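Asker: Structure here, sequence nowhere to be found:
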Ligand code: SAH
């Protein structure tokens with residue numbers, strides 16, 4: 001099967017399972033080539049629904065996790081988004097047609113520079129990769145409409161990131177101890193406070209701090 005048929009069958013699977021629920025996010029999955037965000041040795045697995053190694057001991061999230069997190073973020077064309085954990089750049093690339101601007105921070109300089117290459121090869125212009133520690137968020141461009149952490153964070157970091165949200169803004173992150181089972185959690189800033197909702201257990205690589 002060629003890449004585009006593999007991609008269509010992945011999209012069918014993600015829709016059938018209910019991970020992809022909006023046509024906007026579905027179109028973003030159709031538009032962005034996941035193979036372009038993988039090391040050459042992993043490309044043949046681009047459209048299997050699994051996390052894959054991308055170097056520096058890090059992973060690109062599984063497509064279903066990208067779909068779920070993107071849908072929960074309720075992306076709007078006017079949104080300014082912060083991502084903690086660029087990795088390959090794929091999650092930011094999926095968000096790129098759905099929002100106005102994405103700032104994404106990556107701890108490892110070699111991953112950040114590879115992600116920049118991946119994004120520019122795909123012709124993406126509204127993602128700014130910042131090769132810095134994102135454990136304190138990114139106050140320089142705050143407040144954000146949406147914040148997504150694609151590495152696991154502790155409750156204290158979740159609360160800190162919540163302070164960089166606009167009123168009505170949404171934060172999504174896996175909360176929990178490193179190398180343990182975490183809980184995918186959203187927070188919506190309402191009246192200056194974070195209204196949180198827990199979804200399901202998951203395992204992400206930890207935030208370095
Ligand atoms: N969103 C990525 C997957 C990220 S994996 C993708 O689509 O491919 C989590 C990433 O968080 C890793 O690349 C890891 O290096 C990064 N990370 C860990 N601690 C960080 C920190 N303190 N600041 C910024 N990025 C961090």
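Answerer: Thanks, I have it. This is a predicted model, so every value here is computed, not measured.

Asker: so residue 82 is in which element?
Answerer: Element membership of residue 82, judged by DSSP states H and E, is strand 80-84.

Asker: Now do that strand: everything it contacts.
Answerer: 73, 75, 91-92, 95, 99-105, 134-135, 137-138, 141-142, 144-151, 153, 161, 164, 173, 207 (C-beta atoms under 8 Å, 6 or more residues apart in numbering). From N, CA and C alone the C-beta is placed, and that goes for glycine too.

Asker: Adjacent strands (with direction) for that strand?
Answerer: strand 101-105 (parallel), strand 144-149 (parallel) (DSSP bridges).

Asker: ok, and does the longest one reach over to the ligand?
Answerer: No. Using C-beta under 6 Å from any ligand atom, strand 144-149 stays clear of the ligand, coming no nearer than 8.1 Å.

Asker: can you check stretch 129-140 too?
Answerer: Yes. For stretch 129-140, a contact with the ligand is found by C-beta under 6 Å from any ligand atom, at 133-135.

Asker: Looking at those, which one is closest to residue 168?
Answerer: Residue 168 has its nearest neighbour among the residues of stretch 129-140 next to the ligand in residue 134, at 22.4 Å by C-beta to C-beta.

Asker: circling back to that earlier point, quick one: which of the residues of stretch 129-140 next to the ligand has the most company?
Answerer: When neighbours are counted by other C-beta atoms under 10 Å, residue 134 leads the residues of stretch 129-140 next to the ligand with 26 neighbours.

Asker: and that one, how far is that from residue 96?
Answerer: 18 Å (C-beta to C-beta, to the nearest Å).

Asker: and if you look at residue 56?
Answerer: Note on residue 56: its distance to residue 96, by C-beta to C-beta, is 23 Å.

Asker: who has more neighbours, those two?
Answerer: residue 96 (24 against 14).

Asker: so who does the most centrally placed residue in the chain touch?
Answerer: Of all residues in the chain, the one closest to the mean position by C-alpha atoms, centre = their mean is residue 91, 3.9 Å from it. Shown in contact with residue 91 (C-beta under 8 Å, 6+ apart): 61, 66, 69-70, 83, 148, 150.

Asker: about what we covered before: can you list the residues of stretch 129-140 next to the ligand in TSV and add pLDDT?
Answerer: TSV is the format used below for the residues of stretch 129-140 next to the ligand (pLDDT from 0 to 100):
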residue	pLDDT
133	98
134	98
135	98
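
Asker: Any chance of a markdown table for those, columns secondary structure?
Answerer: Output for the residues of stretch 129-140 next to the ligand, formatted as a markdown table (DSSP: H, G, I helix; E, B strand; the rest coil):
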| residue | secondary structure |
| --- | --- |
| 133 | coil |
| 134 | coil |
| 135 | strand |
